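Novice: I would like to see how this sequence folds:
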Amino acid sequence: MSSNLLRRLEGPVLWLSLNRPETKNALTPALAEDLAFALDAARRDPSVRAVVLAGEGGAFCSGIDLGELLSMLGQNAGPEQLRALSRRVLAGQLHGAIRALWNLPKPTVAAIEGAAAGFGLDLAAACDLRVVQKDAKLSYTFVRRGLVPDGGTGAVLPRLVGLGRALELVLLGETFDGARAEVIGLANRAVEAGQVREAAQELAERLAANAPMAMAAAKARLKSFEGLEEELGKVVELAADQAATADAMEGVAAFLEKRAPRFTGK
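Specialist: Got it, this is the predicted structure:
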């Protein structure tokens, strides 16, 4: 496991912290793979009764590291190479992290400080409960980059906030704060800055005190709908095709260059 993922055991609670603060903990394929591996180890470790997912440096996760993905392509890569890379990393490491969180029999809590965007919010939504900083900056930024939600958003988000709210959050792609996330049901607790980790630890300890087998069975029943797996399977091709469009390339370039995108519908 690399230094990009920190592991710390506090009593029965395992803290897994994304540790790429210079990118606001943007997710790379390697980091996603490390996270899935750590969650599998937690599943097999009887000393771990609950897991908290957090981010270092005052941010949770700013989504997929688009710059890293582009660097994997090389300078002369075209749409077909981009489409193939998108398929490979989504179906492999990135969705592997989502599945590992969603299917873990032990209870999970997302501790959201600072920024959480796009795939980063999908990671949080795959956890069982979410504690968020009241003034955290949250957003589903996919369409503003010319991309489509690709981390299970289509299956999980409507179940958390309702279809109307989900459409609003995704289609507008606007930033909202942690206080609103609690009001609409995306977050379970919204707390003041500096209190997120304490609140997440307290909540995780309460979960850890319950009967492990009973909680695992309850989780399996409540999460038994087939929507997430179907969504992850279908979105790989959709996201890969969209990533190869001119609008997506423009959206990513504009994001990296810190300017407004100029979309053409192509």
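Novice: Let me know the average pLDDT across stretch 70-89.
Specialist: Computed over stretch 70-89, the mean pLDDT rounds to 76.
Novice: Then stretch 129-148?
Specialist: 94.
Novice: Name the residues of that stretch that are buried.
Specialist: Of all the residues in stretch 129-148, those buried under the rule 16 or more other C-beta atoms under 10 Å are 129-134, 136-148. Where you see a C-beta, it was placed from the backbone N, CA and C, and this is true even at glycine.
Novice: Which parts of the stretch 101-250 of the chain are helices?
Specialist: 119-126, 153-161, 163-172, 178-184, 196-208, 212-222, 227-243, 246-256 (DSSP state H, counting those that start in this stretch).
Novice: could the ones you listed go into CSV alongside mean pLDDT and mean neighbour count?
Specialist: As requested, the helices of the stretch 101-250 of the chain are exported to CSV (pLDDT from 0 to 100; neighbours: other C-beta atoms under 10 Å):
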stretch, mean pLDDT, mean neighbour count
helix 119-126, 96, 27
helix 153-161, 93, 20
helix 163-172, 97, 15
helix 178-184, 98, 19
helix 196-208, 98, 20
helix 212-222, 92, 13
helix 227-243, 78, 18
helix 246-256, 79, 18
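Novice: quick one, which of those helices is nearest to Cys61?
Specialist: With C-beta to C-beta as the measure, helix 119-126 is the member of the helices of the stretch 101-250 of the chain nearest Cys61 (3.0 Å).
Novice: and the angle for the closest one with helix 163-172?
Specialist: Here the directions of helix 119-126 and helix 163-172 differ by 160 degrees (axes from the mean of the first three to the mean of the last three C-alpha atoms, to 10 degrees).
Novice: Just the C-alpha atoms of helix 119-126, please, in PDB.
Specialist: Output in PDB follows, covering the C-alpha atoms of helix 119-126 (Å, rounded to 0.1, in the frame of the first residue of the first chain):
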ATOM      1  CA  PHE A 119     -16.500  10.600  -8.300                       C
ATOM      2  CA  GLY A 120     -15.400  11.700  -4.900                       C
ATOM      3  CA  LEU A 121     -19.100  12.100  -3.900                       C
ATOM      4  CA  ASP A 122     -19.800   8.700  -5.500                       C
ATOM      5  CA  LEU A 123     -17.200   7.300  -3.000                       C
ATOM      6  CA  ALA A 124     -19.000   9.000  -0.100                       C
ATOM      7  CA  ALA A 125     -22.400   7.800  -1.400                       C
ATOM      8  CA  ALA A 126     -21.200   4.200  -1.500                       C
END
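Novice: Need the residues that contact it.
Specialist: The set of residues that contact helix 119-126 without belonging to it, under C-beta atoms under 8 Å, 6 or more residues apart in numbering, is 25-27, 53, 60-64, 94, 97-98, 101-102, 108, 110, 112, 116, 130, 138-140, 149-153, 156-157, 160, 186.
Novice: do stretch 170-184 as well
Specialist: With contacts defined as C-beta under 8 Å, 6+ apart, stretch 170-184 is touched by 112, 130, 132-144, 149, 153, 157, 161, 165, 169, 187-190.
Novice: Next, find the distance separating the spatially closest residue to Gly58 that is not a sequence neighbour from Leu70.
Specialist: Spatial nearest neighbour of Gly58, chain neighbours left out: Gly114 (4.5 Å); criterion: C-beta to C-beta, 6 or more residues apart in numbering. Computed with C-beta to C-beta, to the nearest Å, the distance linking Gly114 and Leu70 is 24 Å.
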